[in-house]
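Peer 1: Sequence plus the predicted model coming up.
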Amino acid sequence: MRALVVDDSRFIRNYLHSLFTQHGVECVEAVDGKQGLACLREAGPFSVALVDWNMPVMSGYEMLQAARADHSLDATRIVMVTTEAENDHIEAALLAGADEYIVKPFDEGGLFDKLRMAGVNEL
């Protein structure tokens with residue numbers, strides 16, 4: 001299984017990379033939505049992409065919209081992982097095609113539960 005972590009926070013990227021590695025998951029990282037979208041298209045396939053909302057260059061929401069418009073990426077589960085906890089954000093992300101939504105901070109068990117809920121069955 002391969003996962004893509006898209007977040008401008010080095011701490012979050014390192015934390016998720018460490019969790020995935022401990023579970024035998026190959027992890028690729030990107031620092032913004034533009035780089036994340038390029039990774040999906042050029043370095044895929046990925047089972048799941050974990051995407052922050054607020055990032056420079058291209059937001060995670062914009063990346064989500066672009067990824068869902070590209071039907072070659074339909075098999076990739078996209079999970080928003082963000083501090084944006086308002087219902088408007090959650091609803092917008094789910095309507096745009098996010099498979100699940102995780103609010104920071106989160107713990108390992110909650111993360112993997114949400115990934116399974118999103119249809120990532122390889123865990």
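Peer 2: Now that the structure is in, tell me what you want to look at.

Peer 1: Spatially nearest residue to residue 26, not counting backbone neighbours?
Peer 2: Leaving out its chain neighbours, the residue that sits closest to residue 26 by C-beta to C-beta, 6 or more residues apart in numbering is residue 2, at 4.6 Å. For every residue, glycine as well, the C-beta is placed using N, CA and C.

Peer 1: and the lowest-mean-pLDDT helix or strand in the chain, which residues are buried?
Peer 2: Here the helix or strand of the chain ranked lowest by mean pLDDT, DSSP states H and E is helix 108-117, holding a mean of 92. For helix 108-117, the neighbour count (16 or more other C-beta atoms under 10 Å) marks 111, 112, 114, 115 as buried.

Peer 1: okay, residue 5: pLDDT?
Peer 2: In this model, residue 5 is scored at 98, pLDDT.

Peer 1: same thing with residue 123?
Peer 2: At residue 123, the model reports a pLDDT of 70.

Peer 1: Same check on residue 38?
Peer 2: 97.

Peer 1: Determine whether the claim that it is in a helix is correct.
Peer 2: Yes: the assignment for residue 38 by DSSP: H, G, I helix; E, B strand; the rest coil puts it in a helix.
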